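Here's a sequence, model it:
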Amino acid sequence: MFLLIISLLFPVFASLFWAVILSGDKKNSNIPRSFLAKFMFLSFLFYTCKFFYHLPLPDIYIYLDVFYLYIGSLIYPIYHIYFRLLTVDEKFSWKAHSKYLILPIILVSIYEVGVLFTPGDEFKASLFGTHDLSDSPQIHFLNTMRILLRVYFQIQLIIAVTQNYILLRKYSDKAEQYYSDIKDGKYNNAKKLNFFMIITGVYTLVTYILLKRYPDLIYLFPPIFAVIMFVIGYMGFHQKPVNPTFELEVDNQADMSNMQPLVIAQQKILIKLLNEFDEKKIYLNSQLNILDVVKAVGTNRTYISAIINQQYNQNFSTFVNNYRIEELHKVYAEKPYSTNEMLAESCGFGSVNSLKRAVFSKTGLTFVEWKRRENLIIYSL
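Take a look at the predicted model:
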């Protein structure tokens with residue numbers, strides 16, 4: 001029994017841990033991260049209910065069953081809302097997001113009505129299978145509703161992860177207009193977050209099927225759920241909004257069509273922009289985003305994006321990484337024996353993988369091939 005208690009508590013503590021961490025980090029807080037903290041708190045309540053069910057403690061769980069189903073029915077819709085906050089929505093709004101929550105609440109409410117009309121002993125027996133109640137119409141109804149809800153949960157999963165994928169594909173391009181290093185911990189991590197929700201849903205279904213036949217396996221499954229929740233929390237902690245334009249404090253999405261197309265004004269902005277990159281080497285900041293450039297130049301995001309696009313036919317991410325690659329040429333020529341980590345850090349790349357991707361995107365060469373070519377140039381001088 002002691003081992004069962006420990007096993008069942010793993011996901012409880014993992015989700016509670018991230019609920020506290022994600023809500024407590026005020027310095028680096030953003031709207032999606034705060035909402036993920038709420039998701040983790042719901043997961044904590046969800047796994048707490050499962051704890052009382054699997055322990056088993058029927059006299060306690062019969063009061064939690066409906067609450068457990070309410071939470072379970074909201075898990076996938078709330079996770080989808082989290083992705084909407086990462087990509088397209090400014091903040092959580094009951095008016096905007098209630099449409100994702102109404103149907104599961106209605107379905108569980110119907111189940112709750114059935115519970116209210118079912119004698120307590122029969123309800124407890126139906127939950128824990130203590131005796132056959134197949135002739136009870138109330139139990140027939142509750143069993144049917146549980147099957148319906150279980151199928152609906154899987155449909156929710158498919159809909160949520162599909163919509164999340166569409167959102168990430170759509171807004172990854174916009175993210176490149178904001179971040180100078182979009183591939184590191186922003187878009188790719190968001191895709192992994194969506195993938196882990198798929199794993200959670202499939203693993204939940206597999207667990208349910210196996211436990212029906214092999215109830216003794218209950219010791220094995222909760223720790224794996226804890227690992228999944230921990231990974232989701234960890235990645236969410238480091239995940240920045242994929243489309244963060246709604247968090248800008250400066251440009252207010254200025255409309256280029258309403259601006260006077262003054263070539264002189266654009267040239268002044270271009271001069272300031274190049275000064276920040278050529279002289280001050282602002283690109284060496286691995287966390288650089290377009291807001292940093294906006295504040296340094298003293299204009300707005302729309303102008304910066306437009307000028308980079310018009311003058312260089314590039315987006316912001318490519319523009320910055322091209323400067324970093326030029327810096328890489330210089331650093332490598334001076335210190336050819338530097339480690340890849342040292343080269344990445346010296347040139348403003350967030351990681352070695354980011355450096356390698358940028359080099360391949362610019363030259364079509366792997367980093368090993370690029371080094372080989374650079375070495376030939378160095379030793380030929």
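
Now stretch 104-118: average pLDDT?
Averaging pLDDT along stretch 104-118 gives 94.

Next: stretch 32-50.
On average, stretch 32-50 scores 94.

Stretch 306-321 now?
Here the average pLDDT along stretch 306-321 is 89.

Tell me how far that stretch lies from the chain's centre.
On the basis of Cα atoms, centre = their mean, to the nearest Å, stretch 306-321 sits 27 Å off its chain's mean C-alpha point.

Please apply the same query to stretch 68-77.
19 Å.

try stretch 293-308
28 Å.

Would you mark the buried spots in that stretch?
Using 16 or more other Cβ atoms under 10 Å as the burial criterion, the residues of stretch 293-308 that qualify are 293-294, 296-297, 299-308. All C-beta atoms are positioned from the backbone trio N, CA, C, and that covers glycine.

gap between the two ends of it?
12 Å (Cα to Cα, to the nearest Å).

what distance separates whichever strand or helix holds Lys174 from the middle of the whole chain?
Using DSSP states H and E, Lys174 sits in helix 137-176. Helix 137-176 sits 17 Å away from the centroid of its parent chain (Cα atoms, centre = their mean).

pLDDT averaged over it - what is it?
89.

And that helix, what's buried?
In helix 137-176, counting by 16+ other Cβ under 10 Å, buried: 138-139, 141-142, 145-146, 149, 152-153, 156-157, 160-161, 164-165, 167-168, 171-172, 174-176.

before we move on, what about stretch 190-204?
Buried, per 16+ other Cβ under 10 Å, within stretch 190-204: 190, 193-194, 196-197, 200-201, 204.

Please apply the same query to stretch 331-339.
331-332.

what's the farthest-apart pair in the buried residues of stretch 293-308?
Ala296 and Ala306 (17.0 Å; Cβ to Cβ).

got a list of what the closest residue to Ile198 other than its chain neighbours touches?
Once flanking residues are discounted, Ile198 sits nearest to Val161: 5.3 Å by Cβ to Cβ, 6 or more residues apart in numbering. With contacts defined as Cβ atoms under 8 Å, 6 or more residues apart in numbering, Val161 is in contact with 194, 197-198, 201.

Let's have the residues you listed in TSV, adding distance to Leu103.
Putting these into TSV (distance: Cβ to Cβ, whole Å) gives the following:
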residue	distance to Leu103
Asn194	21
Met197	19
Ile198	21
Gly201	17
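
Which one of the residues you listed is nearest to His54?
Gly201 (19.1 Å).

Format the CA atom coordinates belonging to the helix or strand hosting Ile271 as PDB.
Assessed by DSSP H and E, Ile271 sits inside helix 263-274. C-alpha atoms of helix 263-274 as PDB (Å, rounded to 0.1, in the frame of the first residue of the first chain):
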ATOM      1  CA  VAL A 263      12.400  58.600 -48.200                       C
ATOM      2  CA  ILE A 264      14.500  60.900 -46.000                       C
ATOM      3  CA  ALA A 265      12.800  59.700 -42.800                       C
ATOM      4  CA  GLN A 266      13.400  56.100 -43.800                       C
ATOM      5  CA  GLN A 267      17.100  56.800 -44.600                       C
ATOM      6  CA  LYS A 268      17.500  58.300 -41.100                       C
ATOM      7  CA  ILE A 269      16.000  55.300 -39.500                       C
ATOM      8  CA  LEU A 270      18.200  53.000 -41.700                       C
ATOM      9  CA  ILE A 271      21.300  54.900 -40.700                       C
ATOM     10  CA  LYS A 272      20.400  54.500 -37.000                       C
ATOM     11  CA  LEU A 273      19.600  50.900 -37.600                       C
ATOM     12  CA  LEU A 274      23.000  50.200 -39.200                       C
END
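
Does anything pack onto that helix? Which helices or strands?
Other helices and strands packing on helix 263-274, by 3 or more Cβ pairs under 8 Å, 6 or more residues apart in numbering; DSSP states H and E, are helix 290-297, helix 301-312.

what angle separates it from helix 290-297?
110 degrees (axes from the mean of the first three to the mean of the last three Cα atoms, to 10 degrees).

Okay, buried residues for helix 263-274 please.
Those would be 266, 269-270, 273, for helix 263-274 by 16+ other Cβ under 10 Å.

Export those to CSV and append columns for pLDDT and distance to Val88.
Compiled in CSV, those are given as follows (pLDDT from 0 to 100; distance: Cβ to Cβ, whole Å):
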residue, pLDDT, distance to Val88
Gln266, 76, 30
Ile269, 87, 29
Leu270, 88, 31
Leu273, 92, 29
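
Now the helix or strand containing Phe67: average pLDDT?
Using DSSP H and E, Phe67 sits within helix 65-87. The average pLDDT within helix 65-87 is 94.

What's the first helix or strand after that helix?
Immediately after helix 65-87, counting by DSSP H and E, sits helix 94-97.

Report all helices and strands that the next helix or strand after that next one contacts.
Heading C-terminal from helix 94-97, the first helix or strand you meet, by DSSP H and E, is helix 102-116. Under the contact definition 3+ Cβ pairs under 8 Å, 6+ apart, helix 102-116 sits against helix 65-87, helix 137-176.
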